[in-house]
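Trainee: sequence and predicted structure are below.
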Amino acid sequence: MSGYNKIAFLGTGLMGEPMCHNLLEAGLPLTVWNRSLAKAEPLSKRGAVVAVTPQSAVAGADVVITMLSDGPAVSAVMFDQDTTDSIREGATHIDMGSIGADEAINHAKRHAEQGVHYLDAPVSGGTRGAAAGELAIMAGGDASTFSAMQPVFTPLGQATHVGPSGCGQLAKLANQVIVAITIGAVSEAFILAGGGGADRAKIREALQGGFASSRILTEHGQRMVERTFEPGGPAKFQVKDLQNALKTADQLGLDLPITKLIHKLFDGMVNSGKADMDHSGLLTHLEELNNISFT
């Protein structure tokens, strides 16, 4: 027995679907909902119950997990559609999408008024990490609530409690700033080395043995070498996260000049028609700025 009568999962997209597979594999009783019902239907073959509405999905659930695109999407589903009214008192809502830290704090307060526990627990690791159950989970909220949710987190990856409500989102913003800037650095390094006649694949191999080594160089560097940019993390979501980072920095009276620059570059990439390309595809945008073409 899992100890749970029902877990509701709202949002079975690129990240949500493989996460649901891992929860089902762990034997957890899962009810799923997605705005496009067709994307949720395949999970029924794995044992999930597919709900037609978010309200019916969360009704009677011990745990509600949301994996939606952004803060406005969470607010629309949970509050504008009164889905929170269907969550039973004493249940826990875990928001695993990337939203603003201020939005997470607001959502925590609104849930508390209804007797519902709340954790903001965004993830990093992309679709590969989601499929492998190896996501980095950064959780903000009450420490005892975090501890109680370990059976839910364990099938999904490694969860770390980083502070009170909103801190999970702050950790994710920090993660996304590092990821975005590093993608830019690897892209420019490849352009520089390749422009001088070096083999990009060999440059990647050589750099992995020194201080420049990183998971971005290893995984996204391979994407760049192979020029395979199917979305694991779409560029449009990277822009959204960087916008949230800059908004939060402004609220805190901080200046992040490197983040501003990388946001401008990713924004240019998205506006050039590459919103759904993987964020490692920033390389192609920088190549275009340098009049470099690959046929």
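Mentor: Great, that's in hand. Residues are numbered from 1 along each chain as shown.
Trainee: could you list the domains of this structure?
Mentor: 7-164, 171-289 (automatic domain parsing).
Trainee: any idea how far Leu24 lies from Leu156?
Mentor: 12 Å (CB to CB, to the nearest Å). Glycine gets a C-beta too; all of them are placed from N, C-alpha and C.
Trainee: look at these two and report which has more neighbours.
Mentor: Shown here are Leu24 and Leu156; by other CB atoms under 10 Å, Leu156 has more neighbours (24 against 19).
Trainee: let me see the confidence value for the more buried one.
Mentor: The model reports Leu156 with a pLDDT of 98.
Trainee: and it, its phi and psi?
Mentor: Dihedral pair for Leu156: phi -100, psi -30, per degrees, to the nearest 10.
Trainee: and what of Asp95?
Mentor: Per degrees, to the nearest 10, the backbone of Asp95 is at phi -90, psi 110.
Trainee: and it, how many neighbours does it have?
Mentor: 29.
Trainee: tell me how far it lies from Gly140.
Mentor: Asp95 is 10 Å from Gly140, by CB to CB.
Trainee: can you list residues touching both of these two?
Mentor: Ala104, Leu119, Asp120, Ala121 (CB atoms under 8 Å, 6 or more residues apart in numbering).
Trainee: hey, what's the residue lying closest to the first one once chain neighbours are set aside bridged with?
Mentor: In space, and not counting its chain neighbours, Ala104 is closest to Asp120: 3.8 Å by CB to CB, 6 or more residues apart in numbering. Counting by DSSP bridges, Asp120 forms beta bridges with Asp95, Gly140.
Trainee: show me what contacts Asp120?
Mentor: 95, 99, 101, 104, 107-108, 139-141, 165-169.
Trainee: Met149 reaches Ile94, doesn't it?
Mentor: Yes: under the criterion of CB atoms under 8 Å, Met149 lies in contact with Ile94, with a separation of 6.4 Å.
Trainee: so what's in contact with the two at the same time?
Mentor: Between them, Met149 and Ile94 share the contacting residues Val63, Leu119, judged by CB under 8 Å, 6+ apart.
Trainee: settle it for me: which of these two has more neighbours?
Mentor: Ile94 (26 against 22).
Trainee: mind listing what that one touches?
Mentor: Val63, Val64, Ile65, Thr66, Tyr118, Leu119, Ala121, Met149, Val152.
Trainee: touching, the last one and Leu23? I think so.
Mentor: Yes: counting by CB under 8 Å, Val152 touches Leu23, with 7.4 Å between them.
Trainee: any common contacting residues for these two?
Mentor: Ile7.
Trainee: returning to that earlier point: which one (most neighbours) among the contacts of Asp120?
Mentor: Gly168 (32 neighbours).
Trainee: which SSE is it in?
Mentor: Using DSSP states H and E, Gly168 maps to helix 167-195.
Trainee: how far out from the middle of the chain is that helix?
Mentor: Distance, stretch centre to chain centre, for helix 167-195: 15 Å (CA atoms, centre = their mean, to the nearest Å).
Trainee: now do stretch 33-42
Mentor: Using CA atoms, centre = their mean, the offset of stretch 33-42 from its chain centre is 19 Å.
Trainee: stretch 158-167 now?
Mentor: 15 Å.
Trainee: how about the strands in the protein?
Mentor: Assigned by DSSP state E, the chain shows strands spanning 7-10, 30-33, 49-50, 63-66, 92-95, 117-120, 123-124, 135-141, 157-163.
Trainee: mean pLDDT lowest where, among those strands?
Mentor: Among those, strand 123-124 carries the lowest mean pLDDT (a mean of 94).
Trainee: buried stuff in stretch 184-196?
Mentor: Within stretch 184-196, the residues that qualify as buried by neighbour count (16 or more other CB atoms under 10 Å) are Gly184, Val186, Ser187, Ala189, Phe190, Ile191, Ala193.
Trainee: ok, the closest residue to Ser280 other than its chain neighbours - contacts?
Mentor: Distances taken as CB to CB, 6+ apart place His220 nearest to Ser280, at 3.9 Å, with adjacent residues excluded. If a contact means CB under 8 Å, 6+ apart, then His220 has Ile183, Val186, Asp278, His279, Ser280 as its contacts.
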